[in-house]
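> sequence and predicted structure below; questions after.
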Amino acid sequence: MTAGLYVHVPFCLTRCGYCDFNAYAGLGDLAPRYVRALEAEAALWAGEWRDERFASVFLGGGTPTTLKAADLAGLLVRLRDRFDVTPDAEVTIEANPDTVDEAKLSALLEAGYTRLSMGAQSFDPLVLQSLERVHSPGSVRRAYANARAAGCANVNLDLIYGASGETLASWRRTLEETIALGPEHVSAYALTIEPATPLGRKVQAGLVPPPDPDLQADMFGLACELLGDAGHEHYEVSNWSKPGFACRHNLGYWERRPYLGLGAGAHSCRGGRRWWNVRPPREYLDAVEDDTRPIGGEERLMAQDERLEEVFLKLRILEGLPTESVDADTASTFLDEGLLAHRNGHLVPTERGMLLLNELVLALAGE
């Protein structure tokens, strides 16, 4: 079984109002220390993970491409020195459209990054404004063109649907423009409101309406239709790819393979144990610079939780559950309602069923 290596870079140009990730604007002065700390943390874990082979590396954030190309190149070299990263590993880096140009992308490809995941979110300026994104649709087009000019052969575009003011027609235009560009992979997420974010507080105060779940359901259905017609396989609830381009790293999470997380707030999982690093970047730096693993907490799943998670993940990646493992009456009800379908001896959620995934999981896990 191969493992995944996740590296968290918490720096952003600005902090978007909907974002609940461990990301910060205005801390760019910490970047040189942070890169050194990532390399030092890798050394702290290298011995314990010596026997694992890593089939994927994923730099997420935040916006990793706020770091200098030379630092990103050097970091990847150090990670390969410390861990057994396979020669053909998928190496993903996330980017904001305004943080990359052809020269930087060329340097990253030369350094060994093989996959670019770019936050496009929408091609509607009003939707981007609603999401408090600082880039424009033109920035996405330019960054995508630069990626192709640099030689990027594996590009993902992240989209978000259901923002205030977005219509089904607007969402259709975003999907059509995305498809016209021709990325190998598309992630499309329904906007969720996190209470602790600026957007969450605006919704709570009645300044902004919450997403309309019925409209989001229609938007999801439209994404399934258009992306499917364009040749993208729907391999996970929110992810579509051209054949052979499913995200290997994320599949590792969903298939419950071990993964090691480096950086502020990064999560790890191995041998039934989960742990996570402290979230504040300065606290993370202080711990690592003191030659201490920056662990902020840990947990072990009970058998009941393991079962619930297994059912959830198998349904989420459309692997499904063996028909004989599910109560026949329960299965029959969901089959009749069009929420489940038979596929190769398994019960898998239909696209309608994906919208009610949590309910399906609880029922099929016997909760």
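It's in.
> which residues touch the nearest residue to residue 331 once chain neighbours are set aside?
Leaving aside its sequence neighbours, residue 331 sits nearest to residue 347 (C-beta to C-beta, 6 or more residues apart in numbering; 5.8 Å). Where you see a C-beta, it was placed from the backbone N, CA and C, and this is true even at glycine. Neighbour list for residue 347: 320-323, 326, 331, 334-335, 340-341, 364 [criterion: C-beta atoms under 8 Å, 6 or more residues apart in numbering].
> quick check: residue 347 is in a strand.
Yes: if the criterion is DSSP: H, G, I helix; E, B strand; the rest coil, then residue 347 is within a strand.
> buried among the contacts of residue 347? Make that a ChimeraX selection.
In ChimeraX, a selection of the buried entries from these looks like this (16 or more other C-beta atoms under 10 Å):
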select :320,321,323,326,331,334,335,340,341,364
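> and the contacts of residue 347, which of them are in strands?
With strands taken from DSSP state E, the overlap with those comprises 321-322, 340-341.
> which one of those residues sits closest to residue 199?
residue 340 (33.9 Å; C-beta to C-beta).
> just checking, that closest one touches residue 331?
Yes: using C-beta atoms under 8 Å, residue 340 makes contact with residue 331 at a distance of 6.5 Å.
> distance of residue 214 from residue 70?
Taking C-beta to C-beta, to the nearest Å as the measure, residue 214 falls 49 Å from residue 70.
> which one's more surrounded, the two?
Using other C-beta atoms under 10 Å, the more surrounded residue of residue 214 and residue 70 is residue 70, with 11 against 8.
> so the more buried one sits in a strand?
No: the assignment for residue 70, made by three-state DSSP, is helix rather than a strand.
> ok, it - contacts?
By C-beta under 8 Å, 6+ apart, the contact list for residue 70 reads residue 107.
> confidence score at it?
Note for residue 70: predicted pLDDT of 97.
> what of residue 367?
Looking at residue 367, its pLDDT reads 51.
> ok, residue 157 touching residue 180?
No: in this structure, residue 157 is not within contact of residue 180 by C-beta under 8 Å, at 11.4 Å.
> neighbour count: those two, which is higher?
residue 157 (26 against 9).
> chain center to the strand or helix carrying that one: distance?
In the assignment (DSSP states H and E), residue 157 maps to strand 155-161. Centroid separation between strand 155-161 and its chain, computed with C-alpha atoms, centre = their mean, to the nearest Å, is 10 Å.
> got the CA coordinates for it in CSV?
The C-alpha coordinates for strand 155-161 follow below in CSV (Å, rounded to 0.1, in the frame of the first residue of the first chain):
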residue,chain,number,x,y,z
VAL,A,155,-4.4,20.7,-14.9
ASN,A,156,-7.3,20.8,-12.5
LEU,A,157,-9.7,23.7,-12.2
ASP,A,158,-11.6,24.2,-8.9
LEU,A,159,-15.1,25.6,-9.2
ILE,A,160,-17.7,26.7,-6.5
TYR,A,161,-21.4,26.9,-7.1
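> after that strand, next one along is what?
Next helix or strand after strand 155-161 toward the C-terminus (DSSP H and E): helix 168-181.
> now do that following helix against strand 155-161, angle only.
Between helix 168-181 and strand 155-161, the angle comes out at 180 degrees (axes from the mean of the first three to the mean of the last three C-alpha atoms, to 10 degrees).
> who does the next helix or strand after helix 168-181 pair with, and is each partner parallel or antiparallel?
For helix 168-181, the following helix or strand on the C-terminal side (DSSP H and E) is strand 185-190. Next to strand 185-190 in the sheet, as set by DSSP bridges, lie strand 155-161 (parallel), strand 239-241 (antiparallel).
> pLDDT value on residue 238, please?
In this prediction, residue 238 has a pLDDT value of 97.
> which residues touch it?
Going by C-beta under 8 Å, 6+ apart, residue 238 touches 187-190.
> same question, residue 160
Residue 160 touches 18, 121-122, 131, 188-191, counting by C-beta under 8 Å, 6+ apart.
> now the strands for the stretch 251-367 of the chain?
259-262, 267-270, 273-277, 295-300, 321-322, 340-343, 346-349 (DSSP state E, counting those that start in this stretch).
> which of those sits most buried?
Using mean count of other C-beta atoms under 10 Å, the stretch among these with the largest mean neighbour count is strand 259-262, at a mean of 24.
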